[in-house]
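Student: From the sequence below, what's the structure:
(one chain, ligands or ions: 1)
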Amino acid sequence: MTFDKVRTRFAPSPTGYMHVGNLRTALYAYLLAKKNNGTFILRIEDTDQERYVEGAVDIIYNTLRQTGLLWDEGPDIGGPVGPYIQSQRMGMFKEYAMQLVEKGAAYYCFCDKERLEEVKVIQQASGIAPHYDGHCRNLSKEEIQAKLDAGIPYVIRQKMPQEGTTTFHDEVFGDITVENSILDDQILIKTDGMPTYNFANVVDDHTMGITHVIRGNEYLSSTPKYNLLYQAFGWDIPVYVHCAPVMKNATEKLSKRNGDASFQDLIAKGYLTEAVINYIALLGWSPKGEQEVFTLEELVQEFDISGISKSPAIFDPVKLKAINGAYIRKLSPEKFEEMAMPYIRETCKREDVNTAMIAEVLQPRTELFTDIPEQVDFIDQLPEYDIALYTHKKMKTNSETSLEALNCLLPVLEGVEDWNMDALHQAIFSKIEELGVKNGYMLWPLRVALSGKQFTPGGGLEIAVIIGKEDTLARVRKGIEKLKAEA
Ligand code: GLU
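Tutor: Predicted structure coming up:
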């Protein structure tokens, strides 16, 4: 099968966990394919049975669907080069390995565990990195046949060149050259006839027509071995794009233990899917211009491998929050109210409040839904507060001016018939004008009296609308009492 189109794949192992770094790999593979009108393939690499986790494949499907990274070929929808689950492809690898044996690029190895262990111990004792010592590299045809006839178990190993160097090109890391002498004669086929992960990965990528291999740079050191396999087969080498890790800070990787390394963790923390994808795109990739907020479609247009950085990306929750805020502001007011409501209701249970107004004041200043409950906790009940709050340098208020202001405001508020924003605005501002005072002289004490807090979503007028006339008057009276008591 020949492919003249770009074909990328996301090849996750089902670990039960969608690490941010893995999702980023999926995203880049998706973007690169879509940008080039190519094909994005999902291959599940489930051959490592020790890591098998129930339901883990569903986490992969669900995450990709939720984020919109829809695959064109994959286990559930099939495609021309299936099966797309590695464990269902097991039959084919031995044949490929035998081709390499024919070509002299691989060989039978009959060494048993005990021998390998001895070699390892000796190597370690002499301070050499453990590697296969090449004991079976040069067995004659007859020796091999005799051992096969005797039923001695064997593996197939890759025959690494002992001299010279291997160079490969990576789009992010440039040309990388290694001495062949350091390459271990790695096992391709195990004693049970099954391929090792490294071998299956290469054969799968080739037989699936993958043109661009995008993955974490923990695979960079294996790539020379992969390259030698491609060369031995006479196959086209794919374009390699290795991505630097996502770090928590300069020294620690973003890890499961921190509880914020997976897509699920971020969603549970209240981040919007679109914001997470947008932010993840920027983790180690820089767009050409200044724009940072992109829809998935925009990312497809913008994406370019040359923008991927080889330095590790540091996960910045502050930036993620800011991007999340940008997405929250883009929501329609109705949608925002619907999404914010469960969070509002965590601390604000009163039924007689103007929830539309709560949503209106929250939307422009919310970066994360989980920050909402704490912002509206004063609505149900006025908290105990310190009258020092009435003193505000910039507003030029103190407890005396505040007492005056609240005393003026009380009859004004009592006189407002239709309790809405316009009427309140009209009434309060004509009083301000009449007295010739600064806005803050009136509005700051009002906000403090109604909320008992220094920071509130919305100002005094909005809060008055939210809590209604009766409660507004009661809170203003309470403020007056408090200030009088201290005077
Ligand atoms: N299955 C590997 C992983 O989950 C991916 C390897 C690759 O992309 O080549 O780490």
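
Student: Just the closest residue of the stretch 151-300 of the chain to the ligand, please.
Tutor: Closest contact between the stretch 151-300 of the chain and the ligand, by C-beta to the nearest ligand atom, is at Arg215 (3.4 Å). For every residue, glycine as well, the C-beta is placed using N, CA and C.

Student: Quick check: beta-bridge partners of that residue?
Tutor: His242 (DSSP bridges).

Student: residues contacting it?
Tutor: 11, 25, 241-243 (C-beta atoms under 8 Å, 6 or more residues apart in numbering).

Student: one more time with 10 Å
Tutor: 9-11, 22, 25, 28-29, 201, 223, 240-243 (C-beta atoms under 10 Å, 6 or more residues apart in numbering).

Student: For Ser255, grab phi and psi.
Tutor: When quoted as degrees, to the nearest 10, the phi and psi of Ser255 stand at phi -130, psi 160.

Student: Spatially nearest residue to it, not counting backbone neighbours?
Tutor: Ala261 (5.6 Å; C-beta to C-beta, 6 or more residues apart in numbering).

Student: Likewise for Asn22?
Tutor: Pro12 is the one closest to Asn22 (C-beta to C-beta, 6+ apart), at 5.9 Å.

Student: same question, Thr177
Tutor: In space, Thr177 is closest to Thr167, 4.3 Å off (C-beta to C-beta, 6+ apart).

Student: Tell me, how many residues neighbour the one you found?
Tutor: 11 (other C-beta atoms under 10 Å).

Student: That one looks like it's in a helix, true?
Tutor: No - using DSSP: H, G, I helix; E, B strand; the rest coil, the secondary structure at Thr167 is strand, not a helix.

Student: Need the per-residue pLDDT for it.
Tutor: Thr167 carries a pLDDT value of 95.

Student: dump the residue contacts of it.
Tutor: 175-178, 224, 227.

Student: That one and Phe233, how far apart?
Tutor: Distance, Thr167 to Phe233, by C-beta to C-beta, to the nearest Å: 18 Å.

Student: wait, doesn't the residue nearest to Ser255 sit right on Pro245?
Tutor: No - using C-beta atoms under 10 Å, Ala261 makes no contact with Pro245, being 11.0 Å away.

Student: anything in contact with each of the two?
Tutor: 21, 253-254.

Student: Can you flag which of those residues belong to helices?
Tutor: Within the shared contacts of Ala261 and Pro245, residues falling in helices by DSSP state H are Gly21.

Student: which one of the shared contacts of Ala261 and Pro245 has the most neighbours?
Tutor: Neighbour-wise, the shared contacts of Ala261 and Pro245 (other C-beta under 10 Å) top out at Gly21, 25 neighbours.

Student: So for that residue, what's the nearest residue that isn't a sequence neighbour?
Tutor: Using C-beta to C-beta, 6+ apart, the closest residue to Gly21 is Val246 (4.4 Å).

Student: Ala313 too?
Tutor: Gly284 (3.7 Å).

Student: pLDDT score for that neighbour?
Tutor: For Gly284, pLDDT reads 93.

Student: Quick check: it vs Asp58, distance?
Tutor: 28 Å.

Student: Pick out whichever of these two has more residues nearby.
Tutor: Gly284 (23 against 11).

Student: my guess is the more buried one meets Pro245, correct?
Tutor: Yes - Gly284 lies in contact with Pro245 (C-beta under 10 Å); the separation is 8.8 Å.

Student: Residues in contact with both of the two, list them for me.
Tutor: 21, 24, 312-313.

Student: now, which of these sits nearest the ligand?
Tutor: Gly21 (9.3 Å).

Student: my guess is that closest one meets Ala244, correct?
Tutor: Yes - if you go by C-beta under 10 Å, Gly21 and Ala244 touch, sitting 9.4 Å apart.

Student: which residues are common contacts for the two?
Tutor: 216-217, 283-284, 313.

Student: my guess is Arg345 meets Ala359, correct?
Tutor: No - between Arg345 and Ala359 there is no contact under C-beta under 10 Å: 11.9 Å.

Student: Give me the more crowded residue out of the two.
Tutor: It is Ala359, of Arg345 and Ala359, that has more neighbours when counted by other C-beta under 10 Å, with 22 against 14.

Student: Just give me the neighbour total for Asn420.
Tutor: 14.

Student: cool, and Ala423?
Tutor: Neighbour tally, Ala423, other C-beta under 10 Å: 14.

Student: Same question for the one 4 residues further on.
Tutor: Look at Ala427: counted by other C-beta under 10 Å, it has 18 neighbours.

Student: Please report the distance of Lys469 from Glu360.
Tutor: Applying C-beta to C-beta to Lys469 and Glu360 gives a distance of 19 Å.

Student: more crowded one of the two?
Tutor: Neighbours per residue (other C-beta under 10 Å) separate Lys469 from Glu360, with Glu360 holding more: 19 against 16.

Student: Which pLDDT value belongs to the more buried one?
Tutor: pLDDT, Glu360: 97.

Student: ok, back up a step: more crowded one of Ala261 and Pro245?
Tutor: Neighbour count, other C-beta under 10 Å: between Ala261 and Pro245, Ala261 has more, with 22 against 15.

Student: Can you give me the pLDDT of the more buried one?
Tutor: With respect to pLDDT, Ala261 has a value of 85.

Student: dump the residue contacts of it.
Tutor: Contacts of Ala261 by C-beta under 10 Å, 6+ apart are 17-22, 246, 248, 253-255, 315.

Student: Can you say which of those residues are buried?
Tutor: The neighbour-count test (16 or more other C-beta atoms under 10 Å) marks 17-22, 246, 248, 253-254, 315 as buried among the contacts of Ala261.

Student: can you give me the strands for this protein?
Tutor: Secondary structure of the chain (DSSP state E): strands at 7-10, 39-42, 106-109, 155-158, 165-170, 174-179, 187-189, 212-216, 239-243, 246-247, 313-314.

Student: what's the most buried one of those strands?
Tutor: strand 7-10 (a mean of 27; mean count of other C-beta atoms under 10 Å).

Student: does the ligand sit close to that strand?
Tutor: No - judged by C-beta under 6 Å from any ligand atom, strand 7-10 and the ligand are separated, with a smallest distance of 7.4 Å.

Student: name the helices or strands packed onto that strand?
Tutor: For strand 7-10, the packing partners by 3 or more C-beta pairs under 10 Å, 6 or more residues apart in numbering; DSSP states H and E come out as helix 20-35, strand 39-42, helix 197-207, strand 212-216.

Student: Report the rounded mean pLDDT for the last one.
Tutor: When pLDDT is averaged along strand 212-216, the result is 97.

Student: cool, and the longest one?
Tutor: With pLDDT averaged residue by residue, helix 20-35 scores 97.

Student: Return the distance of it from the chain's centre.
Tutor: 11 Å (C-alpha atoms, centre = their mean, to the nearest Å).

Student: Just give the nearest non-adjacent residue to Ala281, would you?
Tutor: That would be Leu299: by C-beta to C-beta, 6+ apart, it lies 5.3 Å from Ala281.

Student: Same check on Asp236?
Tutor: Per C-beta to C-beta, 6+ apart, closest to Asp236 is Tyr230, 7.3 Å.

Student: same deal with Val448?
Tutor: Val448's closest residue in space is Leu389 (C-beta to C-beta, 6+ apart), at 4.8 Å.

Student: And for the one you found, the neighbour number?
Tutor: Leu389, neighbours per other C-beta under 10 Å, totals 19.

Student: Pull the contacting residues for it.
Tutor: 397, 399, 402, 444-445, 447-449, 451-454.
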